[in-house]
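A.B. asks: okay, sequence plus prediction incoming.
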Amino acid sequence: MDPASANMHSHLEKVLFDRGQIRDRVAEMGAEITRDYARGGLSIIAVLQGGALFMADLIREIHLPLQLDSISVASYHGGTESSGEVKFQQNYLPDIRDRDVLLLDDILDSGRTLAAVSAKLKVECSPRSIRSAVLLSKRVERDVAVEADYVGFEVGNEFVVGYGLDYQGHYRNLPVVGVLKPSYIQSTE
Ligand code: IMP
Ligand code: MG
């Protein structure tokens, strides 16, 4: 079946978080971040592509001056299991010297992505601080000891799509987070 065709919603076995739930939770996270970073000097760095929707919604709930940047990495390479390797897809690194950095990603799973990005920025960019916010945190044993400072929702150990999260490049623009029907996941995995 071609996942690009038909109605993406009908490919979902279940919706875990709908538009309203995501909007409300992101607003709460924005309020908390606004309180915590009131001293100023905040730099938001989104991990693309997955973190793009979360970034767009969250920054509009942070009522502080901030700088916005992004970093592009890949770890899944199209399947439903992380490859274990984090590839940086750009040479450019943001100018965050002496700034308070908040890394944003769609989901925390094995921990490899956040750990790798945060380590690289720490070593190469000399920020004042680095913390992280994720929309979703999977309840799994991490490969790397890392937790996010702000978590939207916890999810079980299942593969989810929507709101930035993809399966083979599809479903990122689905406005809800859900679990795909098994028939839409290639059986070769
Ligand atoms: P980690 O490096 O294993 O923590 O995984 C983080 C990255 O893997 C995220 O930025 C996502 O791009 C991707 N990822 C992890 N779990 C899922 C999932 O359930 N659906 C889609 N992408 C996922
Ligand atoms: Mg990602």
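C.D. replies: Nice, thanks for sending it over. Numbers count the residues shown, from 1 in each chain. Ligands and ions are numbered 1, 2, ... in the order given.
A.B. asks: what helices or strands is the longest helix along the chain leaning on?
C.D. replies: For the chain, the helix with the greatest residue count under DSSP state H is helix 19-36. When contacts are defined as 3 or more CB pairs under 8 Å, 6 or more residues apart in numbering; DSSP states H and E, helix 19-36 packs onto helix 52-59, strand 129-138, strand 150-155. C-beta here means a position set from N, CA and C on the backbone, and glycine is covered the same way.
A.B. asks: now do the contacts for the residue lying closest to residue 12 once chain neighbours are set aside.
C.D. replies: In this structure, residue 12 finds its nearest non-sequential neighbour in residue 178, 3.9 Å apart by CB to CB, 6 or more residues apart in numbering. Taking CB atoms under 8 Å, 6 or more residues apart in numbering, we find residue 178 in contact with 12-16, 160-162.
A.B. asks: state the distance from residue 178 to ligand 1.
C.D. replies: 11 Å (CB to the nearest ligand atom, to the nearest Å).
A.B. asks: for that residue, give the beta-bridge partners.
C.D. replies: With DSSP bridges applied, residue 178 shows beta-bridge pairing to residue 15, residue 161.
A.B. asks: I'd like the numbering to begin with 44 instead of 1 from here.
C.D. replies: Understood, numbering begins at 44; the last thing we discussed is residue 221.
A.B. asks: can you redo the contacts of residue 221 as CSV with pLDDT, distance to residue 226 and neighbour count?
C.D. replies: Formatted as CSV, the contacts of residue 221 follow (pLDDT from 0 to 100; distance: CB to CB, whole Å; neighbours: other CB atoms under 10 Å):
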residue, pLDDT, distance to residue 226, neighbour count
55, 97, 11, 21
56, 97, 9, 12
57, 97, 14, 10
58, 98, 17, 15
59, 98, 19, 18
203, 97, 17, 24
204, 97, 14, 25
205, 98, 17, 26
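A.B. asks: before we move on, what SS does the nearest residue to residue 131 once chain neighbours are set aside have?
C.D. replies: Distance criterion CB to CB, 6+ apart; nearest residue to residue 131, sequence neighbours excluded, is residue 116 at 5.6 Å. Assigned with DSSP: H, G, I helix; E, B strand; the rest coil, residue 116 falls in the strand class.
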